[in-house]
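Visitor: Sequence and predicted structure below; questions after.
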Amino acid sequence: MMTTTKSEELFARAVEKIPGGVNSPVRAFKSVGGNPVFIERGENAHFWDVDGNEYIDYVMSWGPLILGHAHHEVTLAIQEAASRGASYGAPTKIEVKMAELICSMVPSVEMVRMVNSGTEATMSAIRLARAYTKKKKIIKFEGCYHGHGDSFLIKAGSGALTLGVPSSPGVPDETAALTLNAVYNDLASVEKMIAENSGDIAAIIVEPVAANMGVVVPAEGFLKGLRDLATQHNVVLIFDEVLTGFRLSAGGAQERFGVRADLVTMGKVIGGGLPVGAYGGKREIMQLVAPSGPMYQAGTLSGNPLAMTAGFAALSILKRKPIIYEQLEAKAKFLAENFREAASDAGVAVQVNHIDSLITVFFTENPVLNYADAITSDTEKYGKFFHAMLNEGVYLPPAQFEAMFVSTAHTQKDLDKTVDAFKKAIQAVK
Ligand code: PLP
């Protein structure tokens, strides 16, 4: 058994001064039981906690670290930028370069506005869609997570789902009434909603690959169907690519599936590990954003030079080396196939959903195509499995309804070790 004395001590101090001891709920291990380990440093695909335990990391800061921890090129870029000052609140060249790079990589993005988180990006994007269409309601999907903006915390995924409060207190009923929840992978549910709210829908916002109820892959024709419905009904189609952007491919889900959105929200990978979000899209819509247009949105630290430098370094590598995406897919496929085989050998019913570098092992017998399927998972079993993996030195998402993230830094040795750990851990849930 590993020793976690120092983590325990820190957690005891943390809960006194930070709600739940953490600055983002899912980190607290609430849904898997036990207390979190506190991390001291990371390198490549590994990180070490304050007690010196080493883990192969599949959380990767919840997605941003597609190149692994402390990637040398990104780290050097941040150090160099930091030596010239952390922030100016005035325009810089790196913001222009970053905007040009994003527009060159992400289909349909002709203009882009930088913000500081995925939440800010999605909140701004729906305000923009409302300003553009002069309509009020939005359609999202049950189990999809778009950050913690009021409009999205209604049947939301990720930590909201894990903690059993998918709809948060504190969101006014009047706001909640403007958000409609359709069923993921069910076009008919969207069509019905549009018909019932004729002329009122400003936007459809979707995770093009859902990953916040665990990984759920879009069914053939689902995204294209949303595109067609949005076009027919003068609705802004927003792809929330905070998680999928620069991860499924250099151009994200739009490139991967050949479907174009009107607006795209970005986060995670875009900041190279620093806090960055962005929203962008067609020039005609983006020109409504202040100061070129009347839709107000601003940020003291938006386009921060350190964050832009880190993001620019990371995105440049991804653009330069498209082979990365084939390698990521091969690694995750290796894990997914071995997980399926090992679970089957052990007689444990699981569904291993996998696409590109994203994987979720659901503890259920049902194929998982939407939220209703996902919540048939046995979260107690996941908790046992999680702790057994942690004991074997593999850090998985501390919640069932999340994705494992594979990075370029995971080596074959890491993958083999992970499969060996899985074979042992799966016994713990029998
Ligand atoms: N949208 C999606 C699809 C996400 O996965 C997340 C975060 O996990 C967000 C939005 C919110 O991003 P942030 O946590 O940076 O506010």
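Guide: Right, received. Where do you want to start? Numbering: from 1, shown residues only.
Visitor: Stretch 28-45: which residues count as buried?
Guide: Within stretch 28-45, the residues scored as buried using 16 or more other Cβ atoms under 10 Å are 28-32, 34-39, 42, 44-45. (Each C-beta comes from the backbone N, C-alpha and C, glycine too.)
Visitor: Among the residues you listed, which are located in strands?
Guide: 39, 42 (DSSP state E).
Visitor: Please tabulate the buried residues of stretch 28-45 in TSV and include pLDDT as additional columns.
Guide: TSV is the format used below for these (pLDDT from 0 to 100):
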residue	pLDDT
Ala28	96
Phe29	96
Lys30	95
Ser31	93
Val32	96
Gly34	96
Asn35	97
Pro36	98
Val37	98
Phe38	98
Ile39	98
Gly42	98
Asn44	98
Ala45	98
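Visitor: and the two most separated of the buried residues of stretch 28-45?
Guide: Lys30 and Asn44 (28.9 Å; Cβ to Cβ).
Visitor: Could you check how far stretch 127-146 is from the centre of its chain?
Guide: Chain-centre distance of stretch 127-146: 18 Å, with Cα atoms, centre = their mean, to the nearest Å.
Visitor: List the buried residues of it.
Guide: By neighbour count with 16+ other Cβ under 10 Å, stretch 127-146 contains the buried residues 127-133, 135, 137-146.
Visitor: Just the helices from the stretch 51-200 of the chain, written as ranges.
Guide: Counting by DSSP state H, counting those that start in this stretch, one finds helices in the stretch 51-200 of the chain at the ranges 72-82, 93-105, 118-133, 159-162, 173-176, 187-196.
Visitor: right, and those - which one's nearest the ligand?
Guide: For the helices of the stretch 51-200 of the chain, proximity to the ligand was assessed by Cβ to the nearest ligand atom; helix 118-133 is nearest, at 2.2 Å.
Visitor: hey, which helix or strand in this structure has the poorest pLDDT?
Guide: Within the chain, no helix or strand scores below helix 159-162, which has a mean of 68 by mean pLDDT, DSSP states H and E.
Visitor: ok, which residues in the chain are in contact with the ligand?
Guide: Residues of the chain lying close to the ligand (Cβ under 6 Å from any ligand atom) are 62, 117-119, 122, 145-147, 158, 207, 212, 240, 242-243, 267, 277.
Visitor: So which of those residues is the closest to the ligand?
Guide: Closest to the ligand, out of all of the residues of the chain next to the ligand and judged by Cβ to the nearest ligand atom, is Gly118, at 2.2 Å.
Visitor: roughly how far apart are that closest one and Asp173?
Guide: From Gly118 across to Asp173, the span is 25 Å (Cβ to Cβ, to the nearest Å).
Visitor: Which of those two has more residues huddled nearby?
Guide: Using other Cβ atoms under 10 Å as the criterion, Gly118 and Asp173 rank with Gly118 on top: 31 against 6.
Visitor: Once you drop chain neighbours, what's closest to the more buried one?
Guide: Closest residue to Gly118 apart from its sequence neighbours, by Cβ to Cβ, 6 or more residues apart in numbering: Gly267 at 3.1 Å.
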